[in-house]
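Engineer: What follows is a predicted structure for the sequence shown.
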Amino acid sequence: LGASKALLGLTLSVTTLADVPVLHFLGAAMKRLGGPDALLDVCLGAYVARMLLYATLPHFGSLWWVMPVELLHGLTFAAGFGAACEKNKLLAPPGLETTQQGVFSALYAGLGTGVGALLGGLVAERYGFQIMFLFGAYLTATGWICTNLFSVL
């Protein structure tokens, strides 16, 4: 997209700083929303919004509009990872909590990151980054909706 090195550096700083208050208030937010499932819904909604905003970013007139979008990282990563860890703790059989967290981390940081980077790279190379983010938003929204539908059944 042609971003400057300064913008890339500031973006990383804003992304990281957005996590700090979210991590501080994570427990209170989960309690207020009613548990990790509700917070995961908020996180997934923020993730879809974040990817849609990335896809439309070239139409904003300036790449600097990425800065407010990066604030969503606090919800999409920090709150999402924290809520997922809490959900895994609740799902784990007694005595296997650490194993459950290890499997989750391997799937999230290993398999998920690897497959996401591979498929995202292929889509971006062939169709461009805007389509990649639209496709990511579509996959995330579809998975989120299906998961909620199947949990009701």
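Structural biologist: That came in fine, so what should we check first?

Engineer: buried set for the lengthiest helix in the chain?
Structural biologist: As assigned by DSSP state H, the longest helix anywhere in the chain is helix 129-152. Residues 129-130, 132-137, 140-141, 144 are the ones in helix 129-152 that count as buried (16 or more other CB atoms under 10 Å). For the C-beta atoms, the positions are set from N, CA and C on the backbone; glycine is no exception.

Engineer: name the helices or strands packed onto it?
Structural biologist: helix 36-56, helix 113-127 (3 or more CB pairs under 8 Å, 6 or more residues apart in numbering; DSSP states H and E).

Engineer: Single out the most deeply packed of those.
Structural biologist: helix 36-56 (a mean of 19; mean count of other CB atoms under 10 Å).

Engineer: between it and helix 129-152, how big is the angle?
Structural biologist: 160 degrees (axes from the mean of the first three to the mean of the last three CA atoms, to 10 degrees).

Engineer: Need the CA coordinates for helix 36-56. PDB is fine.
Structural biologist: Taking Å, rounded to 0.1, in the frame of the first residue of the first chain, the C-alpha atoms of helix 36-56 are listed here in PDB:
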ATOM      1  CA  PRO A  36     -15.700 -15.500  28.100                       C
ATOM      2  CA  ASP A  37     -18.300 -16.500  25.500                       C
ATOM      3  CA  ALA A  38     -19.800 -13.000  25.500                       C
ATOM      4  CA  LEU A  39     -16.400 -11.400  25.300                       C
ATOM      5  CA  LEU A  40     -15.300 -13.700  22.500                       C
ATOM      6  CA  ASP A  41     -18.400 -12.500  20.600                       C
ATOM      7  CA  VAL A  42     -17.300  -8.900  21.100                       C
ATOM      8  CA  CYS A  43     -13.800  -9.800  19.900                       C
ATOM      9  CA  LEU A  44     -15.000 -11.500  16.800                       C
ATOM     10  CA  GLY A  45     -17.200  -8.600  15.900                       C
ATOM     11  CA  ALA A  46     -14.300  -6.300  16.400                       C
ATOM     12  CA  TYR A  47     -12.100  -8.600  14.200                       C
ATOM     13  CA  VAL A  48     -14.600  -8.500  11.400                       C
ATOM     14  CA  ALA A  49     -14.900  -4.700  11.600                       C
ATOM     15  CA  ARG A  50     -11.100  -4.400  11.700                       C
ATOM     16  CA  MET A  51     -10.600  -6.500   8.600                       C
ATOM     17  CA  LEU A  52     -13.400  -4.600   6.800                       C
ATOM     18  CA  LEU A  53     -11.700  -1.300   7.700                       C
ATOM     19  CA  TYR A  54      -8.400  -2.500   6.400                       C
ATOM     20  CA  ALA A  55     -10.000  -3.500   3.100                       C
ATOM     21  CA  THR A  56     -11.500   0.000   2.700                       C
END
